[in-house]
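# With the input below, show me the fold.
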Amino acid sequence: MTMSKRAEALIPDLAGLPALIIAVVHGHSKVVEYILEKFPETINCVDNVSNTRCALHRACEMMAGRSTQY
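Below is the predicted model of the structure:
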């Protein structure tokens, strides 16, 4: 059975971070835009490390000048 692209967009990497959070942390705004356009359900995904911080939390931390840790 082949996994859908939607399901793949939600799978975390080995560090427990989904693609959207990785793109936010690395400042790849075009990738963030693409992921959100194609897979809007990823807006609510959280990292598997804290299990509470979503991509929006990460972006806010970055704008406030705080470090975002993996």
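# Ala55 touches Ala19, doesn't it?
No: in this structure, Ala55 is not within contact of Ala19 by Cβ atoms under 8 Å, at 9.6 Å. (C-beta placed from N, C-alpha, C; glycine too.)
# Need the overlap of contacts for these two.
Thr42 (Cβ atoms under 8 Å, 6 or more residues apart in numbering).
# Please say which of those two ends up with more neighbours.
It is Ala55, of Ala55 and Ala19, that has more neighbours when counted by other Cβ atoms under 10 Å, with 25 against 22.
# OK, contacts around that one?
Residues in contact with Ala55 (Cβ under 8 Å, 6+ apart) are Leu20, Ile21, Ala23, Val24, Val32, Thr42, Ile43, Cys45.
# Can you tell me which of these is closest to Ser4?
Set against Ser4, the nearest of the contacts of Ala55 by Cβ to Cβ is Thr42 (13.2 Å).
# Packing partners of the lowest-mean-pLDDT helix or strand in the chain?
Lowest by mean pLDDT, DSSP states H and E among the helices and strands of the chain is helix 5-10, with a mean of 76. Judged by 3 or more Cβ pairs under 8 Å, 6 or more residues apart in numbering; DSSP states H and E, helix 5-10 is in contact with helix 29-38.
# Kindly format the C-alpha coordinates of the following helix or strand past the helix it packs on as CSV.
Downstream of helix 29-38, the next assigned helix or strand under DSSP states H and E is helix 55-63. Taking C-alpha atoms only, helix 55-63 is exported to CSV below (Å, rounded to 0.1, in the frame of the first residue of the first chain):
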residue,chain,number,x,y,z
ALA,A,55,5.2,25.6,13.6
LEU,A,56,3.5,28.8,14.7
HIS,A,57,5.1,28.6,18.1
ARG,A,58,8.5,28.1,16.5
ALA,A,59,8.0,31.1,14.1
CYS,A,60,7.0,33.3,17.0
GLU,A,61,10.0,32.3,19.0
MET,A,62,12.3,33.1,16.1
MET,A,63,10.7,36.5,15.5
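# quick one: buried residues of helix 55-63?
Ala55, His57, Arg58, Ala59, Glu61 (16 or more other Cβ atoms under 10 Å).
# Just want the angle from it to helix 29-38.
Interaxial angle, helix 55-63 versus helix 29-38 (axes from the mean of the first three to the mean of the last three Cα atoms, to 10 degrees): 160 degrees.
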